[in-house]
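sequence and predicted structure are below.
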Amino acid sequence: MPRLRRLTTALLLIALVAALAGGGAVSAAPRLPIPAVGQVHVVALGDSVTSGTACNCTAFPSMYGDLLHTRTGDTVTVDNLGAGGLDSTGLLRQLDQPNSPTEQAISGADIVLLTIGANDFGDHHDDVTAGRCTDTDCVADEREQLTINLDRILGRIHALRGDQPTTILATGYWNVFEDGDVARRTFPATGRAATDQLTLQVNAAIAGAAHTDDATYVDIYTPFERDAADVTTLLAADGDHPNAAGHALIARLLLEATPSH
């Protein structure tokens with residue numbers, strides 16, 4: 001019997017080879033079902049820029065979600081947890097609070113948008129913008145603490161995700177304080193220069209933390225300050241927050257920084 005089974009198997013293989021060589025028809029493998037359209041969960045963390053303060057428009061996280069849906073066809077849900085006045089210490093406290101809405105949202109996030117740091121320097125607003133702190137030594141302690149907090153924030157996000165694949169997009173700022181026409185009317189040239197210097201230092205801290213902690217830094221400064229004809233056209237009336245055009249620009253920059261996969 002074993003010899004008969006081996007002979008039968010051999011004859012079947014010979015017949016199959018002959019059919020292929022002679023152009024014989026071979027039934028195709030059944031098609032697998034097309035996978036359902038994917039779902040992507042976006043969580044936005046940050047301050048009043050993220051929340052859309054003073055804009056009276058759709059804030060950039062929702063705009064980003066729409067753009068991502070258009071690009072990928074995925075179903076994209078967005079949780080915007082931005083809060084006016086939030087600084088890096090406050091955000092870290094939220095992430096460390098067990099079973100908080102922030103912790104729960106991050107645990108299920110495929111993409112995290114992060115904009116934080118400007119409010120860490122709010123107590124020195126007048127000294128910097130008036131030009132009394134031109135070398136920004138007066139905020140050295142705050143800069144150091146921001147660097148520490150950013151590292152902890154990014155580490156906490158990774159921990160909450162259980163080291164699952166997560167895209168973290170951390171934006172810088174065009175300005176940590178007022179800008180454009182409002183700044184030109186209100187602050188002396190030395191104050192505007194000091195504010196710009198502080199902004200570059202804050203952005204460097206954010207970029208450094210992102211590089212160290214497996215996140216992507218998204219440059220907002222250059223498109224707002226260097227590429228735009230006048231940053232005023234991208235700002236709300238208070239000169240401190242983006243208007244609809246500014247939010248749309250941030251959303252596009254975030255989309256460009258999002259990996260295609």
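Yes, it's here.

need the pLDDT of residue 126.
In the prediction, the pLDDT value recorded for residue 126 is 97.

cool, residue 35 as well?
At residue 35, the pLDDT value in this model is 34.

ranges for the strands of the stretch 51-200 of the chain?
Listed in chain order, the strands of the stretch 51-200 of the chain (DSSP state E, counting those that start in this stretch) span 75-80, 111-115, 167-171.

state the mean pLDDT of the second one.
Right, the one you point to is strand 111-115. 98.

just the angle between that strand and strand 75-80, please?
Angle, strand 111-115 to strand 75-80, by axes from the mean of the first three to the mean of the last three Cα atoms, to 10 degrees: 30 degrees.

mind checking how far strand 111-115 is from the chain centre?
Between the centre of strand 111-115 and the centre of its chain there are 3 Å (Cα atoms, centre = their mean, to the nearest Å).

list the helices and strands it packs on?
When contacts are defined as 3 or more Cβ pairs under 8 Å, 6 or more residues apart in numbering; DSSP states H and E, strand 111-115 sits against strand 39-46, helix 48-51, helix 60-72, helix 140-160, strand 167-171. (C-beta placed from N, C-alpha, C; glycine too.)

now the helices for this protein?
Counting by DSSP state H, the segments of the chain that form helices are 2-21, 48-51, 60-72, 88-96, 101-107, 125-129, 140-160, 180-186, 189-212, 221, 244-257.

pull stretch 162-171 out as CSV, backbone CA atoms only.
Below are the C-alpha coordinates for stretch 162-171, written out as CSV (Å, rounded to 0.1, in the frame of the first residue of the first chain):
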residue,chain,number,x,y,z
GLY,A,162,3.2,49.9,25.7
ASP,A,163,6.0,50.5,23.1
GLN,A,164,3.5,49.9,20.3
PRO,A,165,4.3,51.7,17.0
THR,A,166,3.3,55.3,17.6
THR,A,167,3.9,58.4,15.5
ILE,A,168,4.6,61.4,17.7
LEU,A,169,4.8,64.8,16.0
ALA,A,170,6.1,67.6,18.3
THR,A,171,5.8,71.1,16.9
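
need the contact partners of that stretch.
Residues from elsewhere that reach stretch 162-171, judged by Cβ atoms under 8 Å, 6 or more residues apart in numbering: 107, 109-115, 150, 154, 157-158, 206-207, 209-210, 213-218, 220, 250, 253-254, 257-259.

in that stretch, what's buried?
Buried positions in stretch 162-171, judged by neighbour count with 16 or more other Cβ atoms under 10 Å: 166, 167, 168, 169, 170, 171.

so how far is residue 237 from the last one?
As judged by Cβ to Cβ, to the nearest Å, residue 171 and residue 237 stand 22 Å apart.

any regions of the protein where pLDDT drops low?
Scanning the chain with the threshold set as pLDDT under 70 gives 1-37.

can you rerun that using 80?
Where the chain drops to pLDDT under 80, the residues are 1-37, 134-136, 163, 261.

need the strands of the stretch 51-200 of the chain in a markdown table with distance to residue 39, can you?
A markdown table is the format used below for the strands of the stretch 51-200 of the chain (distance: least, Cβ to Cβ, whole Å):
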| stretch | distance to residue 39 |
| --- | --- |
| strand 75-80 | 5 |
| strand 111-115 | 12 |
| strand 167-171 | 15 |
